[in-house]
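Visitor: Build me a structure from this.
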Amino acid sequence: MGVGTVASVAAKSALAFAGVSTLSFIPIMLATLAYFNYNLIDPENRPFNQQNLRETYDFVIVGGGSAGSVVANRLSEVQGWNVLLLEAGGHENEISDVPLLSLYLHKSKMDWKYRTEPQDTACQAMIDKRCAWTKGKVLGGSSVLNTMLYIRGNKRDFDQWESFGNPGWGYEDVLPYFKKSMDQRNPYLARDTRHHSTGGYLTVQDSPYNTPIGAAFLQAGEEMGYDIVDVNGAQQTGYAWYQLTVRRGTRCSTAKAFLRPVRLRQNLHIALFSHVTKVLIDKETKRAYGVEFFRDGKMQVVYAKKEVILSAGSIASPQLLLLSGIGPESHLREVGIDVIHDSPGVGKNLQDHIAVGGLAFKIDYPISLVMNRLVNINSALRYAVTEDGPLTSSIGLEVVAFINTKYANASDDWPDIEFMMTSCSTSSDGGTQVKKAHSLTDEFYNEVFAEINNKDVFGIFPMMLRPKSRGFIKLRSKNPFDYPLMYHNYLTHPDDVGVLREGVKAAVAVGETQAMKRLGARFHYKPVPNCKHLPLYTDEYWDCLIRQYTMTIYHVSCTAKMGPSTDPMAVVDPQLRVYGVEGLRVIDASIMPTITNGNINAPTIMIGEKGSDLIKETWLQKRSRRSKRCSRFERIGVQSKRKYPLCNTER
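Guide: Numbering: from 1, shown residues only. The predicted structure follows:
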């Protein structure tokens, strides 16, 4: 594709996403990028969209997201294994590459556009009181739409998983899989070879661009008694610069990291725009043998000789299990689906990280990220030519802090609040895309934020790390194209309210430090609608506020949890095999027993790495045993072709 063609396609894509009036500079930026170094930004071409599929593969993977891309790469490493990856969406594009524009992908064609059912406990400031759950419908999944934050979680998370009866999932067991993926570009962090590594597929680096607000955040943390740490190292509690999945100033999605380098493997087929509707399971043997999917306007079937692997995410994976007859028996009968296996835990145990949106602090200096100030040719040139500048900022996310509220034991190094600290806030784009992405009503936005539209501010989003509230997913009907019913159940456990309230208080306190006061920081004291009847800034007021602008961090997980056979709610075993059905595994964030302490993209990639090895252990050991047996028979003169037909299969 020539440079002119690339620029033309990029410009059209930009206009389709943002509209001329909102971000008319994007075509200029993309054309500049194409002219100067498009081949450097995108050194590997996109994978082929395989049109002519085989009838049968060894492995069929459903979902090409953060886990599925990894699994497809690792399984196709084995010569003789044929692997098919089915993805409901298409390719990522030039817009998704630009870190600053991630929120412009929400509600786009790359997003499933899920919305929860209305509930009174949270999301009261959202349209119809329904939370918007953004999930990637694109090769690379949510790693194409997220804010690229690389956080592994806390070592106690994984030790707790193991304590639940999941051997092999403790911290020391999973750390090698985090390192296996990683190519740490920060030389200071890379020297810590206990926790970091180089040479993996996934690029991890510091942000190419930070404002003076980021340094002030770190100073504020020290002022409040916290250490400056590596949150992916020995200690999580403290303040740190974010580590991001960014490569040369652009997004490093799992599709870019794991699929593009192996696109020429002959044993890996990738089929895009392929919406899987059902896992095919033999009712007599209870074995999965293929999948049904919709592509090119018709239903199609493909068969799996060894395994079907669900990596469709924490909403679609349990939905597919239910559609295939695996789930709570009473619910399946209610919607008219034949029961293959009664598994009461499918769709249950839903956990998510929520934060309080809208905690904005005004400052006196023009140093924050204000969208209409960034919309210029200089930003486009800087991004295209030098691979840095404000367009490489992950929507202003500069510093992360893991802190303890009064409900946490500070001696445990298992903090209960994460601060997502930004050099902008909800109002920094003048009430355009952020409001839309978060589904805020016009009435709420205008009353709270209109007066600080496009003003210099910073924001702190306190995120609760270990929620006790549990939501659930169930089918709306047996129609596979109907979205499931999603109940978040946020803040239904009183302990969650207390932790989040204390997180809000701590965030407000950050603005009172000398480090932030030097910037002129002052909290945007604007009473929130629906809470004006309460005395301002009392516990009662904060409890009301957190139920208004309740912001999901898009970490829905734990809906097909891993556990021992003695746990009636476990859906998969510690090898990620679905209970009650052979030849079927789930490998994505839905297998988490409990959500990890931090953003979940890195743990999901780890699950993909470990899950791939579990599959290899199963089948390569079988192949090794078969090879030894066959060679022994051949040595003693047994006619293996006639008596032992397995000896004739591909080894």
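
Visitor: State which strand of this protein is the longest.
Guide: Criterion DSSP state E: the longest strand present in the chain is strand 298-310.

Visitor: by contact count, what packs against it?
Guide: strand 56-62, strand 275-282, strand 287-295, helix 313-323, strand 584-586, helix 601-635 (3 or more Cβ pairs under 8 Å, 6 or more residues apart in numbering; DSSP states H and E). Heads up, the C-betas are built off the backbone N, CA and C, glycines and all.

Visitor: what's the closest of those to K348?
Guide: Of all those, it is helix 313-323 that lies closest to K348, at 8.6 Å by Cβ to Cβ.

Visitor: Give me the distance between the helix or strand following the closest one and the centre of its chain.
Guide: Remark: after helix 313-323, the chain's next helix or strand is strand 326-327, criterion DSSP states H and E. The chain centre lies 24 Å from the centre of strand 326-327; the measure is Cα atoms, centre = their mean, to the nearest Å.

Visitor: what's the next secondary structure element after strand 326-327?
Guide: By DSSP H and E, the next helix or strand past strand 326-327 is helix 329-334.

Visitor: just to revisit the earlier point, for the longest strand of the chain, buried residues please.
Guide: Buried residues in strand 298-310, counting neighbours by 16 or more other Cβ atoms under 10 Å, are found at V302, A304, K306, E307, V308, I309, L310.

Visitor: Spit out the contact partners of Q300.
Guide: Listed by Cβ atoms under 8 Å, 6 or more residues apart in numbering, the contact set of Q300 reads L53, S274, E292, F293, F294.

Visitor: Distance-wise, check it relative to E292.
Guide: Going from Q300 to E292 by Cβ to Cβ, to the nearest Å gives 7 Å.

Visitor: For K505, pull up the helix or strand it's in.
Guide: helix 494-510.

Visitor: helices or strands up against that helix?
Guide: For helix 494-510, the elements it packs on are strand 354-356, strand 417-422, strand 457-464, helix 539-545, judged by 3+ Cβ pairs under 8 Å, 6+ apart.

Visitor: helices or strands next to the first one in the packing?
Guide: In terms of contact count using 3+ Cβ pairs under 8 Å, 6+ apart, strand 354-356 is assigned the packing partners strand 457-464, helix 494-510, strand 550-552.

Visitor: Run a quick neighbour tally on P47.
Guide: 25 (other Cβ atoms under 10 Å).

Visitor: hmm, back to that, quickly compare the helices and strands packed on strand 354-356 and say which is most buried.
Guide: strand 457-464 (a mean of 27; mean count of other Cβ atoms under 10 Å).

Visitor: for this structure, which spans come out with low pLDDT?
Guide: Along the chain, segments meeting pLDDT under 70 span 1-44, 624-651.

Visitor: Which helix or strand contains the closest residue to H91 other than its chain neighbours?
Guide: Distances taken as Cβ to Cβ, 6 or more residues apart in numbering place R46 nearest to H91, at 5.2 Å, with adjacent residues excluded. Using DSSP H and E, R46 sits within no helix or strand.

Visitor: what ranges do the helices span in the stretch 1-150 of the chain?
Guide: 3-18, 20-23, 26-41, 68-75, 94-97 (DSSP state H, counting those that start in this stretch).

Visitor: which strands and helices sit next to the fourth one?
Guide: What it means is helix 68-75. Applying 3+ Cβ pairs under 8 Å, 6+ apart, one finds that helix 68-75 contacts strand 56-62, strand 83-86, strand 268-271, helix 601-635.

Visitor: I'd like to know which of the ones you listed is closest to E94.
Guide: Proximity to E94, assessed across those by Cβ to Cβ, is greatest for strand 268-271 (20.0 Å).

Visitor: contacting residues around the closest one?
Guide: For strand 268-271, contacts defined as Cβ under 8 Å, 6+ apart pick out 47-50, 53-54, 57, 64, 72-73, 76, 82-87, 139, 259, 262, 295.

Visitor: what do you get for stretch 562-577?
Guide: Contacts with stretch 562-577, where a contact means Cβ under 8 Å, 6+ apart, come from 161, 164-169, 318, 321, 343-346, 348-349, 560-561, 578-579, 584-587, 590-593, 611, 614, 618.

Visitor: In strands only, show me the residues you listed.
Guide: Counted as lying in strands by DSSP E, out of those, are L584, R585, V586.

Visitor: Roughly how far does L189 sit from T386?
Guide: From L189 to T386 the distance is 23 Å (Cβ to Cβ).

Visitor: okay, those two: which has more neighbours?
Guide: A count of neighbours by other Cβ under 10 Å puts L189 above the other of L189 and T386, at 17 against 13.

Visitor: tally of neighbours for the residue nearest to the more buried one when sequence neighbours are not counted?
Guide: Leaving out its chain neighbours, the residue that sits closest to L189 by Cβ to Cβ, 6+ apart is H196, at 5.2 Å. Counted with other Cβ under 10 Å, the neighbours of H196 add up to 21.

Visitor: isn't H196 right up against N232?
Guide: Yes: contact criterion Cβ atoms under 8 Å: H196 and N232 qualify, at 7.3 Å.

Visitor: shared neighbours of these two, anything?
Guide: L189.

Visitor: returning to that earlier point: closest one to H488 among the helices and strands packed on helix 494-510?
Guide: Closest among the helices and strands packed on helix 494-510, using Cβ to Cβ: strand 354-356, at 8.2 Å.

Visitor: what packs against the very next helix or strand once past that closest one?
Guide: Remark: after strand 354-356, the chain's next helix or strand is strand 360-362, criterion DSSP H and E. Using 3+ Cβ pairs under 8 Å, 6+ apart, the elements in contact with strand 360-362 are strand 457-464, strand 522-523.

Visitor: All set now, cheers.
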